[in-house]
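In: Structure for this input, please:
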Amino acid sequence: MNPAFSPRPHLFGLVAGLALASGLVFASLVVAGAWTRVAESQVINVTGSARKNVRSDLVVWRANFSVDAPTLLEAQQRLQADFGRVAAFLAARGLTEFRVAPAQIREITAQQRDAQDDTVGTVRVGYRLIQAVEVRSGDVERVPQLAGDSGELLQQGVAFVSDGFEFIYTKAGDAKVEMMAEATKDARLRAEQIAGQGGRSIQGLRNARMGVVQINPLYSAATSWEGNNDTSSPDKTITATVSATFALR
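Out: Predicted coordinates:
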């Protein structure tokens, strides 16, 4: 074969072309990676928060009273009489609207020995009826005092038991919307302060993610993944957070 027509120069050219192409691809990947890092460095992530102290505007008082009697009919009659005393007690304090649940009926049993075979068995000796009462009022200050006043019913022979109070802020939904806006403003202020320390400024909001709203007793900072919704205290603190991303100029 004539050396002038050797295929080796073509082979060398092909190898050189592949090497050049590989170099260009690698260089483009490096540039793309560098651009991604530069783009990512043009944003700032901050968390803003807002707190508001509120007072509950609704109180729910739950209580119950019960009677015992040998027969169901007698128990019903006693329960009706005690209900009249409870209703009069509430009406005298301006609480004419309240809810009454259906009465619960329970058997009263006792252990009794059979004189013939000396065995012990369970027998019914009477009935116990339990009536639940629920009072709802906007008078958050005054209604809780009724628990102390209910001793008057005990003096009348009514087995009245207070089950406690729930304090509710009914405007929590509107407050959450308002506080989310305040938390976003706080996030922007924090971002501007941080960016200013580096000689930069804020261009605009890229995205925002709302956190879980916490409603706690006054001055409490407790948190939970589901969000707290305190009903034990008349005075509450509502806390809202927003995680925001801002573009830098």
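In: Give the rounded mean pLDDT of stretch 112-122.
Out: Averaging pLDDT along stretch 112-122 gives 79.
In: distance between the ends of it?
Out: 6 Å (C-alpha to C-alpha, to the nearest Å).
In: residues in contact with the residue lying closest to V60 once chain neighbours are set aside?
Out: Computed as C-beta to C-beta, 6 or more residues apart in numbering, the closest residue to V60 that is not its neighbour in sequence is E166, at 4.2 Å. All C-beta atoms are positioned from the backbone trio N, CA, C, and that covers glycine. Neighbouring residues of E166 by C-beta atoms under 8 Å, 6 or more residues apart in numbering: V59, V60, R62, T231, S232.
In: Same check on T109?
Out: Counted by C-beta under 8 Å, 6+ apart, T109 has contacts T122, V123, R124, V125.
In: just the strands in the protein please.
Out: 43-55, 58-69, 98-100, 104-113, 120-137, 159-168, 202-210, 214-217, 235-248 (DSSP state E).
In: quick one: which of those is nearest F89?
Out: Across the strands of the chain, F89 has its closest neighbour in strand 159-168 (8.3 Å, C-beta to C-beta).
In: how's this structure carved up into domains?
Out: Listed by automatic domain parsing, the domain ranges of the chain are 42-55+171-248, 59-166.
In: what mean pLDDT does the shortest one have?
Out: pLDDT averaged over domain 42-55+171-248 equals 92, rounded to a whole number.
In: okay, how far is it across it, tip to tip?
Out: Domain 42-55+171-248: ends 5 Å apart by C-alpha to C-alpha.
In: ditto for the last one
Out: Domain 59-166 has its terminal residues 6 Å apart, counting by C-alpha to C-alpha.
In: hmm, back to that, among the contacts of E166, list the two that are farthest apart in space.
Out: R62 and S232 (13.5 Å).
In: Pick out whichever of those two has more residues nearby.
Out: R62 (17 against 11; other C-beta atoms under 10 Å).
In: What is the neighbour count of the closest residue to K171 other than its chain neighbours?
Out: Once flanking residues are discounted, K171 sits nearest to D57: 7.0 Å by C-beta to C-beta, 6+ apart. As a burial measure, D57 scores 14 neighbours (other C-beta under 10 Å).
In: Might you report the residue contacts of D57?
Out: With C-beta under 8 Å, 6+ apart, D57 has these contacts: G138, V140, I168, Y169, T170, K171.
In: how near is the residue nearest to the second one when sequence neighbours are not counted to A81?
Out: Excluding the flanking residues, the one nearest V140 by C-beta to C-beta, 6+ apart is V59, at 4.8 Å. Between V59 and A81 the computed distance is 28 Å (C-beta to C-beta, to the nearest Å).
In: which of those two has more neighbours?
Out: Neighbour count, other C-beta under 10 Å: between V59 and A81, V59 has more, with 21 against 13.
In: State the distance from the more buried one to G48.
Out: For V59, the distance to G48 - C-beta to C-beta - is 33 Å.
In: and what of A92?
Out: Distance from A92 to G48, by C-beta to C-beta: 51 Å.
In: what's the answer for V158, then?
Out: Distance from V158 to G48, by C-beta to C-beta: 54 Å.
In: same deal with W225?
Out: In terms of C-beta to C-beta, W225 sits 20 Å off from G48.
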